[in-house]
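Visitor: sequence plus predicted model, see below.
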Number of protein chains: 2
Amino acid sequence: MEKNTDTRLAIMNTTYQLIAEHGIQKASFALIAKEVGISKPSIYYYFDSKNDMIYQLFEQFCSEISFQHFFNAEHFTQEQFSTQLIEVGFQMIQEQANDPYFGNVMKEFLSLAARDDSYKGRFIELQQDYLKGFEQLLLKAADWSLIPLYSLTEKAHILALVIDNIGNFMMLDDTVDYRNIWKTAVQLVFLEDGLHG
Amino acid sequence: MEKNTDTRLAIMNTTYQLIAEHGIQKASFALIAKEVGISKPSIYYYFDSKNDMIYQLFEQFCSEISFQHFFNAEHFTQEQFSTQLIEVGFQMIQEQANDPYFGNVMKEFLSLAARDDSYKGRFIELQQDYLKGFEQLLLKAADWSLIPLYSLTEKAHILALVIDNIGNFMMLDDTVDYRNIWKTAVQLVFLEDGLHG
DNA sequence: GTCTATACTTCGATAGAC
DNA sequence: GTCTATCGAAGTATAGAC
């Protein structure tokens, strides 16, 4: 199976853009073929069906936004922990803002996941990835006595909720300073005289 | 125009459910008519087109989730402010969790808004509602010296991001204690020795 | 690998009787 | 108000030549 040809890649990339612009349902094989510059049945040489193609695009999409892709625990130091966390969050916000199609494609896949368990299951993995990822990151900070263990899990989940939703809010309002929101969220979590049991 | 008949309401309610179960595109007039128990052309007596009908459903949906619908500033007191904020958040989480269709319908409208400025504009209003609403709520708390003015806007936005995204996360994972996350978020914002300039 | 031609289905919407 | 009948457009997918 040597099917990662230029045509196949062109189909995938074009579909990604068309989904962002028109939604999955309106991104028909006719429209994709016209945009790529091939005939409609040619797509069936590379993909079994439209469902097959959309799901392959979805798998690739998910693999590129994993927690590990952005937050690598080994890069954090005791001296600069919260500063580094703020900085990596900035990079994630920036990277997704630089892809003009990202937000729309994400919303399409989310609405698909609402009704299809295959998509839903993959998104659950992704979400657990982030919830557990932030928790382990904060546990590392607790080992270094940078934050207390009290409410550590809740704090980790707050960070996950905030960084995940910043992208959605940016789509609707680009006048808000989202970098400052993330910075403040991290600072609240790392307050020296924070919550205690 | 006396068109708020039982038939009209039945069409609206059935469509709401079918959108949640199958998405907007697959909620065809044929399917809706079958479910309501009428013929397909009968729907056109109450709605000009499918777009018209979906948008009317969207308007009603938005009016029921306004900031004011949940958070009324006049009900907050100096003595119990953060406790009341936590409680009202619980009520909002509970109300949306009690409607099994809410999350899916919201995702459908969000993906529509990504490509249609009419829907997008209405969602922007809703978002500004929440961002400004939380900000004015915290300003009231600041007047009572319950929190400092420093980073007040950012804190308000963090609360908006968290409460808005809790619903999305609940769809994927109902094992997490989301009430505790909201409670912790409010407590972090209301810490006595919080952030200062 | 890529094409033309086409089968089959479903969609939104309209005409017109009752 | 509600129906039957039907139109034209667009969708996914396949057959078969090159």
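Guide: Cool, the structure landed.
Visitor: roughly how far apart are residue A:42 and residue A:14?
Guide: Separation of residue A:42 from residue A:14 (Cβ to Cβ, to the nearest Å): 13 Å. C-beta here means a position set from N, CA and C on the backbone, and glycine is covered the same way.
Visitor: so what's the spatially most central residue of chain A closest to, chain neighbours aside?
Guide: Centroid-nearest residue in chain A: residue A:65, 4.1 Å away (criterion: Cα atoms, centre = their mean). For residue A:65, ignoring the flanking residues on the chain, the nearest one in space by Cβ to Cβ, 6 or more residues apart in numbering or on different chains is residue A:126 at 7.2 Å.
Visitor: show me the contacts for the one you found.
Guide: Counting by Cβ atoms under 8 Å, 6 or more residues apart in numbering or on different chains, residue A:126 makes contact with A:62, A:65, A:66.
Visitor: what is the burial count for residue A:138?
Guide: Residue A:138 has 23 neighbours, counted by other Cβ atoms under 10 Å in any protein chain shown.
Visitor: revised request: answer the last question for residue A:66.
Guide: Using other Cβ under 10 Å: residue A:66 sits among 14 other residues.
Visitor: next: residue A:44.
Guide: 13.
Visitor: for it, what is the enclosing helix or strand?
Guide: If you go by DSSP states H and E, residue A:44 is part of helix A:43-46.
Visitor: for that helix, buried residues please.
Guide: A:43, A:46 (16 or more other Cβ atoms under 10 Å in any protein chain shown).
Visitor: low-confidence ranges, chain A, go.
Guide: For chain A, the stretches flagged by pLDDT under 70 are A:1-3.
Visitor: get me the contact residues on it for DNA strand C.
Guide: Taking Cβ under 7 Å from any atom of the strand as the contact definition, chain A meets DNA strand C at A:2, A:3, A:5, A:7, A:33, A:37, A:38, A:39, A:40, A:41, A:42, A:45.
Visitor: how far away from the center of its chain is the helix or strand where the fifth one lies?
Guide: Spelled out, that is residue A:33. Using DSSP H and E, residue A:33 maps to helix A:29-36. Helix A:29-36 sits 27 Å away from the centroid of its parent chain (Cα atoms, centre = their mean, to the nearest Å).
Visitor: that helix and chain B, any residue contact?
Guide: No - Helix A:29-36 stays clear of chain B (Cβ under 8 Å from any Cβ of the partner chain), getting no nearer than 13.9 Å.
Visitor: that helix near DNA strand D anywhere?
Guide: Yes - counting by Cβ under 7 Å from any atom of the strand, DNA strand D is contacted by helix A:29-36 at A:29, A:30, A:31.
Visitor: same list, those residues, but as JSON lines with neighbour count please.
Guide: Converted to JSON lines, the residues of helix A:29-36 next to DNA strand D look like this (neighbours: other Cβ atoms under 10 Å in any protein chain shown):
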{"residue": "A:29", "neighbour count": "19"}
{"residue": "A:30", "neighbour count": "11"}
{"residue": "A:31", "neighbour count": "16"}
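Visitor: nearest to DNA strand C, of those?
Guide: residue A:30 (9.0 Å; Cβ to the nearest atom of the strand).
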